[in-house]
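In: Got a predicted structure plus its sequence, pasted below:
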Amino acid sequence: TFTRRPLIAGNWKMNMDHMQAIALVQKLAWTLDDADHDYRRVQVSVFPPFTDLRGVQTLVRGDKLDLDYGAQDLSAHDSGAHTGDVSGAFLQKLGCAQVLIGHSERRENHSEDDETVRSKIHAALRHELAPVLCIGEGLEVREAGEHVQHTLAQLQAALQGITAEELGELVVAYEPVWAIGTGKVAGPEDAQQMSAAIRAKLAELYSGGFADTIRVIYGGSVKSGNVAHILQGSDVDGALVGGASLDAEEFAKIARFE
Ligand code: PEP
């Protein structure tokens, strides 16, 4: 049983062209709908590449699918001389509900630091996109036993100067980098401990009441076979799923916690 509406989010990364995206979303909606299960208590959201978003919007709107979608990144700027970047304004127009910010692959491959992440959160909020803020430690930090401190520092730096009212529907995704795409999964105790620490930090930075409304989800090699196990803790409100979100049946099973 969940206190907050659980979120199962699928990060497709750089997979699925615009035709494959339509096939996957169709199959996902069909599979979710077909199952004799009240999946609507769960928010299911997909994060395709930018080039797929228009197609996904047309399908979701046209067929009135009960699915949300968002982008994997956005520019810190709204328009202008930023070749290759995509504005939050465009994502809002395409009906995106959420946007991933600060995924470890962005931090690593594009040198995104806490300041960049913060300015992207601001950009998302200017366009009514709920930020899904990704934080989490690498293997060395975990082995040094500094994962709590490291992750909370990332959280605090990302949110500095932003008020609770502005943050609205913020989601925090705790993703230990050593568990992403590796098949290594944090245990339910780990996921719970880190989610509780993140919530306590939000309570300290804002208020307990605010912290209670914010969803903290876990990411890192989540599959249908381990989702129910990992999400046992009362502070773990869902999952951010990479690899296993590319298979409609598997992702639908995850959304049903099967
Ligand atoms: C991710 O990229 O956010 C992720 C959790 O990937 P995977 O599920 O493949 O580990």
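Out: Looks like it came in fine. Residues are numbered from 1 along each chain as shown.
In: contacting residues for the residue of the stretch 151-258 of the chain found nearest the ligand?
Out: Taking CB to the nearest ligand atom as the measure, the stretch 151-258 of the chain has residue 242 as its residue closest to the ligand, at 2.1 Å. Where you see a C-beta, it was placed from the backbone N, CA and C, and this is true even at glycine. In this structure, residue 242 makes contact with 11, 13, 180, 181, 219, 221, judged by CB atoms under 8 Å, 6 or more residues apart in numbering.
In: Pull out the buried residues from those.
Out: Buried positions within the contacts of residue 242, assessed by neighbour count (16 or more other CB atoms under 10 Å), are 11, 13, 180, 219, 221.
In: looking at the sheet around the fourth one, what are its partners?
Out: With DSSP bridges as the criterion, the beta-bridge partners of residue 219 are residue 240.
In: My guess is it contacts residue 134. True?
Out: Yes. Taking contacts as CB atoms under 8 Å, residue 219 lies within contact range of residue 134: 7.2 Å.
In: Give me the number of neighbouring residues for the closest residue to residue 222 other than its chain neighbours.
Out: In space, not counting the residues next to it along the chain, residue 222 is nearest to residue 239; the distance is 4.5 Å by CB to CB, 6 or more residues apart in numbering. Counted with other CB atoms under 10 Å, the neighbours of residue 239 add up to 28.
In: Roughly how far does residue 239 sit from residue 83?
Out: 35 Å (CB to CB, to the nearest Å).
In: likewise residue 34?
Out: As it turns out, when the distance is counted by CB to CB, residue 34 lies 44 Å from residue 83.
In: any idea which element the residue located most distally from the centre of the chain lies in?
Out: What lies farthest from the middle of the chain is residue 81; by CA atoms, centre = their mean that is 28.2 Å. For residue 81, there is no enclosing helix or strand under DSSP states H and E.
In: so what sits against both of residue 219 and residue 134?
Out: Listed contacts common to residue 219 and residue 134 are 173, 175, 240; contacts here mean CB under 8 Å, 6+ apart.
In: What about the ligand: which of these touch it?
Out: 175, 240 (CB under 6 Å from any ligand atom).
In: What segments of the stretch 151-258 of the chain are helices?
Out: 164-167, 188-205, 208-213, 227-230, 248-255 (DSSP state H, counting those that start in this stretch).
In: The ligand contacts on this structure?
Out: Residues of the chain found near the ligand (CB under 6 Å from any ligand atom) are 11, 175, 180-181, 219-222, 240-244.
In: want to try TSV for those residues, with pLDDT as columns?
Out: Below are the residues of the chain next to the ligand laid out as TSV (pLDDT from 0 to 100):
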residue	pLDDT
11	98
175	97
180	90
181	87
219	96
220	95
221	92
222	96
240	98
241	98
242	97
243	96
244	97
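In: quick revisit: among the buried ones among the contacts of residue 242, which pair sits farthest apart?
Out: When CB to CB is used, the two most widely separated members of the buried ones among the contacts of residue 242 are 13 and 221, lying 13.6 Å apart.
In: before we move on, back to that, among the buried ones among the contacts of residue 242, which one lies nearest to residue 65?
Out: Residue 65 lies nearest to residue 11 out of the buried ones among the contacts of residue 242, by CB to CB, at 18.7 Å.
In: Touching, that closest one and residue 70? I think so.
Out: No. Because the distance of 9.7 Å does not satisfy CB under 8 Å, residue 11 is recorded as not touching residue 70.
In: tell me, what's touching the two both at once?
Out: Between them, residue 11 and residue 70 share the neighbouring residues 47, 100, with contact defined by CB under 8 Å, 6+ apart.
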